[in-house]
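Colleague: Have a look at this fold, sequence not included:
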């Protein structure tokens, strides 16, 4: 196992009616002027936004609303949020929504704390993040895990460049997680969320463990990851039959956080390569993040199988309870699962049709950032490998 440091300071308030504590939590972390970030009209139609406003008003906390966050959150919208938050002199950002909203809230918090720097400089690595202001969140979608993670993703609409950053400054101060708030989601969003949390676990599980190519000196972390995967697979099917099943949605909501708070990857090194593939698809075609991942994972896994067979055999056995001396059965079972929850597994099913050679080359170039990114963990991939995986999915 590699050396690691684990610290997750996010306070989790989980269960029914926990949104009622939001004002107290904001005050506990010093918030006096709250900039509330949210997405579509659903948070209004459900009554949640009005409820949160009333709770905050009763505690005499000033606030300003900033809506309009969309899936695949954009740089321009985050920049506008920074401007408005600075004008309001905010000292606390509250995100109400899913991963896109929380990622935008994190970006705004960084922008407010670093008002002399354009936030994209942080996402491109030109500048290092050394400070931010406090963020809290009320989660309404079990998916991205942003509510307890170090990650935040933005898309630059001008360049079609989708990038993520990881920093401890992105950890929210608190997250309120009431599974009932997810009941109004469309089934497609539930399915996308299931895929996203699976992928956050896969990206860490199919990784390198120092001293053992198969990761078998990383038993505790492996066992945690495998349990999370089994729980998601089981409860995902229940949720797709009945999205108001409290127990199933509770398990998914908690798994979403566990899958992306680094716990399932301690002692492992990963390139998050399937996310890199998916980011290029969603940036170019504006498709759902979870859908882009379900398209690419199976082809990536089959491409890696020959070199990392033992790891896929372990996955088949410990997650799917399949006796498999090839490693392929677990991969095929996973692809079958994606289809079972109506998620796409190739370009045509994604709705973008078969692409020409020019597009495949462009996707490849962007995925490796024109040679600036090296995929070296689990199974090293060069430019040709990346191109071949995109080409496999192009059916």
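Modeller: Sure thing, it's come through. Please read these numbers as outputs of a predicted model, since none were measured by experiment. Residues are numbered from 1 along each chain as shown.

Colleague: Mind listing residues that contact stretch 54-69?
Modeller: 19-20, 22-24, 26-27, 31-40, 43, 49, 53, 77, 81, 84-85, 88, 90, 94, 97, 100-101, 104, 108 (Cβ atoms under 8 Å, 6 or more residues apart in numbering). From N, CA and C alone the C-beta is placed, and that goes for glycine too.

Colleague: 7 Å instead?
Modeller: 20, 22-23, 26-27, 31-39, 77, 81, 84, 88, 97, 100-101, 104 (Cβ atoms under 7 Å, 6 or more residues apart in numbering).

Colleague: Repeat that for stretch 98-113.
Modeller: Here stretch 98-113 has contacts from 35, 37-39, 69-73, 77-78, 81-82, 85-86, 90, 93, 95, 119, 122, 129, 131-133, 135, 137, 140-141, 143-144, 146-147, 152-154, 169-170, using Cβ under 7 Å, 6+ apart.

Colleague: what about that stretch, average pLDDT?
Modeller: Across stretch 98-113, pLDDT averages out at 97.

Colleague: Same check on stretch 360-369?
Modeller: If you average the pLDDT values across stretch 360-369, you get 96.

Colleague: just stretch 316-328 next, same as before
Modeller: So the average pLDDT for stretch 316-328 ends up being 96.

Colleague: Quote the end-to-end distance of that stretch.
Modeller: 8 Å (Cα to Cα, to the nearest Å).

Colleague: Next: stretch 366-386.
Modeller: End-to-end for stretch 366-386, by Cα to Cα: 10 Å.

Colleague: quick one: low-confidence parts of this structure?
Modeller: 1, 209-216 (pLDDT under 70).

Colleague: In helices only, show me the contacts of stretch 54-69.
Modeller: Counted as lying in helices by DSSP state H, out of those, are 22-23, 26-27, 77, 81, 84, 88, 100-101, 104.

Colleague: check contacts around the spatially most central residue of the chain.
Modeller: Taking Cα atoms, centre = their mean as the criterion, residue 144 is the residue nearest the geometric centre of the chain, at 3.1 Å. Going by Cβ under 7 Å, 6+ apart, residue 144 touches 98-99, 196, 260.

Colleague: likewise residue 124?
Modeller: So residue 124 contacts residue 163 (Cβ under 7 Å, 6+ apart).

Colleague: hmm, try it at 6 Å
Modeller: Going by Cβ atoms under 6 Å, 6 or more residues apart in numbering, residue 124 touches no other residue.

Colleague: Quick check on it: phi, psi?
Modeller: With angles defined as degrees, to the nearest 10, residue 124 sits at phi -90, psi 0.

Colleague: Please identify which helix or strand holds residue 222.
Modeller: Secondary structure assignment for residue 222, by DSSP states H and E: helix 219-241.

Colleague: Could you point out the helix or strand that follows that helix?
Modeller: helix 246-258.

Colleague: buried sites along that following helix?
Modeller: 248-258 (16 or more other Cβ atoms under 10 Å).

Colleague: Stretch 2-21: which residues count as buried?
Modeller: Buried, per 16+ other Cβ under 10 Å, within stretch 2-21: 10, 12-13, 18-19.

Colleague: hmm, I was thinking of stretch 165-183
Modeller: 165, 167, 169-183.

Colleague: Stretch 287-296 too?
Modeller: Buried residues in stretch 287-296 (16+ other Cβ under 10 Å): 287-296.

Colleague: now those as a markdown table including distance to residue 342 and secondary structure?
Modeller: Output for the buried residues of stretch 287-296, formatted as a markdown table (distance: Cβ to Cβ, whole Å; DSSP: H, G, I helix; E, B strand; the rest coil):
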| residue | distance to residue 342 | secondary structure |
| --- | --- | --- |
| 287 | 14 | coil |
| 288 | 12 | coil |
| 289 | 16 | helix |
| 290 | 11 | helix |
| 291 | 10 | helix |
| 292 | 15 | helix |
| 293 | 15 | helix |
| 294 | 10 | helix |
| 295 | 13 | helix |
| 296 | 17 | helix |
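
Colleague: can you name the two of the residues you listed that are farthest apart?
Modeller: The most widely separated members of the buried residues of stretch 287-296, counting by Cβ to Cβ, are 288 and 296 (13.0 Å).

Colleague: and residue 175, bridged to which residues?
Modeller: Beta-bridge pairing for residue 175 (DSSP bridges): residue 12, residue 137.

Colleague: What of residue 92?
Modeller: The partner residues for residue 92, given DSSP bridges, come to residue 34, residue 134.

Colleague: distance of it from residue 293?
Modeller: 32 Å (Cβ to Cβ, to the nearest Å).

Colleague: for the stretch 51-200 of the chain, what spans make up the strands?
Modeller: Assigned by DSSP state E, counting those that start in this stretch, the strands in the stretch 51-200 of the chain fall at 62-66, 92-97, 134-139, 151-156, 161-166, 174-177.

Colleague: Give the pairing partners of the first one; include direction for each.
Modeller: Sheet pairing here is set by DSSP bridges, and for strand 62-66 it gives strand 33-38 (parallel).

Colleague: can you list contacts of the partner strand?
Modeller: So strand 33-38 is in contact with 26, 61-67, 85, 89-97, 101, 104-105, going by Cβ under 6 Å, 6+ apart.
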